[in-house]
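Colleague: Need coordinates for the below:
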Amino acid sequence: MGNIRIGCCGFATSRQRYFETFNVVEVQKTFYEPPRISTVERWREKAPPNFEFTLKAWQLITHEASSPTYRRLRTEVPFEKRDRYGFFRPTAEVMRAWERTREVAEALGARIVVFQCPASFRASEENLRNMKSFFQAIDDRKLTFAWEPRGDWDAGTIAGLCEELDLVHCVDPFKNEPVYGEIRYLRLHGIGGYRYNYTEGDFVALEKRCGSVQTCYCMFNNISMFDDAQTFQALLDDKRSF
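Modeller: Numbering: from 1, shown residues only. Below you'll find the predicted structure:
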């Protein structure tokens, strides 16, 4: 069994209780609107020294302004510039959004940034070109970039992009198999939807899906994420005790 790191997509309880329960969290606020640097610095100070933060890249990079997720955005997006946001477009707006994301990652001491794309981001020539240009421009050996494509993507196209751009293919393991990456980064959205509660059989299957890589992240993102993550952690702890 490799190093399986278990946590939640967001603090599913008080931060103090979370820090006492898990050793990793994926910060979600950075997707909707990155917090102030002073705020995330306090999170880092209050977390245990060995606690790991990962974070989701700001939606201005990955999602178009027509996305319903922009309803939670506080930053003003001028109507006449809406077509300059999202889909990794080669614009100053997207690059500023990356710089803000990077600054938060640095303040948290995060090593992994997750780029989750909407299902509307398809493998068109323009999207592929913009994606390549973006990741080549932000190349940073201090960070690992995990990319979660959704919608209709061919596994070969995903693997080729990940190899070319040094990305980790991020997936829900109950929907797809990861096709590239030295680590695995699994996001568990609930089988069939957010309200799903994982079963003992699911946890057994999940352990197998972690594979033989050196490190696998299992980040729960369903309604019972806190309880499910604890149950999976307990299952692995019981196995390690033998």
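Colleague: strand partners of the helix or strand harbouring Tyr185, parallel vs antiparallel please.
Modeller: Using DSSP states H and E, Tyr185 falls within strand 184-188. Strand 184-188 has the following sheet partners, assigned by DSSP bridges: strand 167-171 (parallel), strand 215-220 (parallel).
Colleague: Give the buried residues for it.
Modeller: Residues Arg184, Tyr185, Leu186, Arg187, Leu188 are the ones in strand 184-188 that count as buried (16 or more other CB atoms under 10 Å). In this view, the C-beta of every residue, glycine as well, is placed from N, C-alpha and C.
Colleague: so who does the last one touch?
Modeller: So that's Leu188. By CB atoms under 8 Å, 6 or more residues apart in numbering, the contact list for Leu188 reads Asp172, Pro173, Phe174, Tyr198, Leu206, Cys218, Met219, Phe220, Asn221, Asn222, Met225, Asp228.
Colleague: Now which of these would you call buried?
Modeller: Buried members of the contacts of Leu188, scored by 16+ other CB under 10 Å, are Pro173, Phe174, Tyr198, Leu206, Cys218, Met219, Phe220, Asn221, Asn222, Met225, Asp228.
Colleague: Please narrow those to those residing in helices.
Modeller: Leu206, Met225, Asp228 (DSSP state H).
Colleague: quick one on the thing from earlier: arrange the buried residues of strand 184-188 in TSV, one row each, with pLDDT and distance to Arg74 as further columns.
Modeller: As requested, the buried residues of strand 184-188 are exported to TSV (pLDDT from 0 to 100; distance: CB to CB, whole Å):
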residue	pLDDT	distance to Arg74
Arg184	96	34
Tyr185	98	28
Leu186	98	30
Arg187	98	25
Leu188	98	29
